[in-house]
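J.: Generate coordinates for the sequence data below:
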Amino acid sequence: MSASSVTHATFEVERRYPGPPALAFAAWSDPAIKARWFGRAGWDEELYELDFRVGGRERRQGRGPDGSVHVFDARFQDIVAPERIIFSYDMHVDERRISVSLVTVTLEPRGMGTRLSLVEQGAFLDDLDDATQRRGGFEALLDRLATVLNVRDGRA
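T.: Numbers count the residues shown, from 1 in each chain. From the prediction side, this is the model:
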């Protein structure tokens, strides 16, 4: 690890889900639904707040199996229901900021379903995190979202 460094990276993750964009949008905007898929399985969640509005915040704090404390602190920059969500967020591990990012989520109708695109533009700090790990994290989260949407759609 260098004393101080920043690595910039952009990546996109795409998924297709059953049902109209409004169902997928609700999974991002409704705290009860979002709590079912957004977070790490097997971690102790110590804090969860969601104020889903432009200027509102989402905060999560969880303790990993190794005892480290991870904090996700986001602010919603733009919301166009049920088409677009833009938020900025920073991640901390044990009080050390590891990244600052801007995320754009778009939801588009595709046949009887929805195409979700998530684009993250990240600044990864001091070699404590990187785009490969973050992309993998979002891929896992969006796979969990698929399970929630299939249940809500009556197909699971």
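J.: in the longest helix seen in the chain, what counts as buried?
T.: Determined from DSSP state H, the single longest helix within the chain is helix 131-152. The neighbour-count check on helix 131-152 (16 or more other Cβ atoms under 10 Å) flags Ala131, Arg134, Arg135, Phe138, Leu142, Arg144, Leu145, Ala146, Val148, Leu149, Arg152 as buried. Placement of C-beta: from N, CA and C, glycine included.
J.: What of stretch 62-79?
T.: Neighbour counts over stretch 62-79 (16+ other Cβ under 10 Å) mark Gly62, His70, Val71, Phe72, Asp73, Ala74, Arg75, Phe76, Ile79 as buried.
J.: Give the helix, strand or coil label for the third one.
T.: This points to Val71. At Val71 the chain is in strand, as set by DSSP: H, G, I helix; E, B strand; the rest coil.
J.: and it, bridged to which residues?
T.: Gln61, His92 (DSSP bridges).
J.: For it, give me its contacts.
T.: Going by Cβ atoms under 8 Å, 6 or more residues apart in numbering, Val71 touches Arg59, Arg60, Gln61, Met91, His92, Val93.
J.: per-residue pLDDT, the fourth one?
T.: Met91 carries a pLDDT score of 97 in this model.
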